[in-house]
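1. 3D, please:
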Amino acid sequence: MRKIVVMLALLVGFLLISGCTQSGDIVDTSATAQPTASHTTAAPQQSSSNASASSSTPKYQPGDIIDSDPTYSDPNWLVISYDPETDEYETAVIFKYEDGTWGYLLDEDTDQDARDFIEGFYPARIAHVELSDVKIEHPVESKSK
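-> Next up, the predicted model:
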């Protein structure tokens, strides 16, 4: 009987401590749903023969609003910049105002992804905005503007 109690105590102890670490991150569950980060995995690097065959000019410019489907309206991805040294785009999620104009960001979070991934997965250029016109604000704040 004593062995069973010790085994149960050990089992309960292991169950209590397994997977119970806290990273310190606080998750705000009231935030607006955004596309998941599963797309951020960069595609495999092209071989040197394939790299020379691809266009040396990036398809998108800073301020372009892109998506996988030209009819998808909101939210979309805003091209912040392109780095020719790493061949990566910096993008952020952009939303429309209630009047249908672009746009605002909810925060300063951006993604860095390989050019071939962005241009392949997001082939549709939806619109273009001046980056200086894009604000970081909460949707409730944007209603009053």
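2. could you find the closest non-adjacent residue to P70?
-> In space, P70 comes closest to A124 once its chain neighbours are excluded; the distance is 3.9 Å by C-beta to C-beta, 6 or more residues apart in numbering. The C-beta positions use only the backbone N, C-alpha and C, and glycine is treated the same way.
3. surely the one you found meets S68?
-> Yes - at 6.7 Å, A124 and S68 qualify as touching, with contact defined as C-beta atoms under 8 Å.
4. mind telling me what element I65 is part of?
-> For I65, the enclosing helix or strand under DSSP states H and E is strand 64-67.
5. ok, and what's touching that strand?
-> Applying C-beta atoms under 8 Å, 6 or more residues apart in numbering, the contact partners of strand 64-67 are 60, 76-79, 91, 94, 102-103, 118, 122, 124-129.
6. out of those, list just those in helices.
-> Per DSSP state H, helices hold the following members of those: I118.
7. neighbours of the nearest residue to A127 once chain neighbours are set aside, just the number please.
-> Residue nearest to A127 in three dimensions, not counting chain neighbours: I65, with 4.6 Å by C-beta to C-beta, 6+ apart. Around I65 there are 24 other residues, counting by other C-beta atoms under 10 Å.
8. against D87, how distant is I65?
-> Between I65 and D87 the distance is 21 Å, computed by C-beta to C-beta, to the nearest Å.
9. look up how far E98 lies from I66.
-> Distance check for I66 against E98: by C-beta to C-beta, it reads 22 Å.
10. which one of the two is surrounded by more residues?
-> The residue with more neighbours, out of I66 and E98 and counting by other C-beta under 10 Å, is I66; that gives 23 against 9.
11. give me the number of residues near the residue nearest to that one when sequence neighbours are not counted?
-> Setting aside the residues directly before and after it, I66 is nearest to Y122 in space (C-beta to C-beta, 6+ apart), at 4.3 Å. For Y122, the tally of surrounding residues (other C-beta under 10 Å) stands at 24.
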